[in-house]
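Turn this into a structure:
(one chain, ligands or ions: 1)
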Amino acid sequence: MHFIDTHTHLYDEAFDEDRSDVIQRTIASGVDRWIFPAIDSASFRSQIAVYEQYREHTFMGMGLHPTSVAENWKEELQFALDELNNHKDRYIAVGEIGLDAYWSRDFFSQQKEVLATQLEYASQNNLPVIIHERSATEDMLEIVSAFKGRLRGVFHAFTGSVETYRRIAGLGGFKVGIGGVVTFKNAGIAKTVADIPLEDILLETDSPYLTPAPHRGQRNESSYIPLIAAKIAEIKGIGIKDVALQTTKNAEELFGLPAKNSQI
Ligand SMILES: [Zn+2]
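Numbering: from 1, shown residues only. Next comes the predicted model:
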């Protein structure tokens, strides 16, 4: 079975000590492709270094993350846009981008402007977007709906209700990223996943965060993707192979990756 971790930060310093071991385990688990969303200029050096080392497995997004929108947001936004413009062959998506009112609202209006600028860039350049949204669902849906019909992408780390999923699906061209939270005891998202068509689901770990059971409390890594797939299979009463096949196809189509299904 092949899986794609559509959202992982294996370039994070949390992996500096044992990154090659983690990546070996990840490939051995069947997760042989992954996507690195960007955060900001500070984390870029590590992102590009790990990408260069694992070129055949790694795909990248570029964008300014909402929690990195601060006093220097104009320079940071320009950095992301320059990188996208100057290295088009490197990037399969604009992201991660979005709104985060959970950690801080200090620069919330700037977050909106940064998001809208990056959505416009993605739309004009026909790139999918990787969206981060926390405690800002209404603002997010309002901003993205202005691009209805001319934008596609994923709402990553989705833990919302069925109603919110339906509103996202109604935007056209959007899928949701399901990660470790679905394995948590009494997780609301497990109930929601039952009502989300498999065609609209991408697998992701968000490593090193949001670790699935039974590793909760420890560092997350991309080799745990099969745990998430197994939980989705259990919820839907289907085989893990079906989850692997369909979610891989979903990711390949959304991000324009070469199809691997025939090799399963
Ligand atoms: Zn992320």
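
With only the CA atoms kept, save stretch 79-91 in CSV.
What follows is stretch 79-91, C-alpha atoms only, in CSV (Å, rounded to 0.1, in the frame of the first residue of the first chain):
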residue,chain,number,x,y,z
PHE,A,79,9.6,36.4,0.7
ALA,A,80,6.9,33.7,0.1
LEU,A,81,5.7,35.3,-3.1
ASP,A,82,9.3,35.8,-4.4
GLU,A,83,10.1,32.2,-3.7
LEU,A,84,6.9,31.1,-5.5
ASN,A,85,7.7,33.3,-8.5
ASN,A,86,11.4,32.5,-8.7
HIS,A,87,11.2,28.7,-8.2
LYS,A,88,7.9,27.6,-9.8
ASP,A,89,9.3,24.1,-10.3
ARG,A,90,9.7,23.6,-6.6
TYR,A,91,6.1,24.2,-5.5
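
Run the chain-centre distance for that stretch.
In terms of C-alpha atoms, centre = their mean, to the nearest Å, the centre of stretch 79-91 is set 18 Å apart from its chain centre.

Please point out which parts of that stretch sit buried.
The neighbour-count check on stretch 79-91 (16 or more other C-beta atoms under 10 Å) flags 79, 80, 81, 83, 84, 91 as buried. From N, CA and C alone the C-beta is placed, and that goes for glycine too.

Just confirm the fourth one contacts residue 45, I think it does.
No - checked against C-beta atoms under 8 Å, the pair residue 83 and residue 45 is beyond contact range at 11.9 Å.

Quick check: neighbours shared by those two?
Contact with both residue 83 and residue 45 is made by no residue, according to C-beta atoms under 8 Å, 6 or more residues apart in numbering.

can you map out the strands along the chain?
3-5, 31-36, 58-62, 91-100, 129-134, 153-155, 174-178, 201-203 (DSSP state E).

For the first one, enumerate the helices and strands it packs against.
Right, strand 3-5. Where contact means 3 or more C-beta pairs under 8 Å, 6 or more residues apart in numbering; DSSP states H and E, strand 3-5 is packed against strand 31-36, strand 201-203, helix 225-236, helix 240-255.

In a markdown table: these, plus mean neighbour count, distance to residue 51 and mean pLDDT.
Formatted as a markdown table, the helices and strands packed on strand 3-5 follow (neighbours: other C-beta atoms under 10 Å; distance: least, C-beta to C-beta, whole Å; pLDDT from 0 to 100):
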| stretch | mean neighbour count | distance to residue 51 | mean pLDDT |
| --- | --- | --- | --- |
| strand 31-36 | 25 | 6 | 98 |
| strand 201-203 | 26 | 20 | 98 |
| helix 225-236 | 20 | 19 | 98 |
| helix 240-255 | 20 | 15 | 98 |
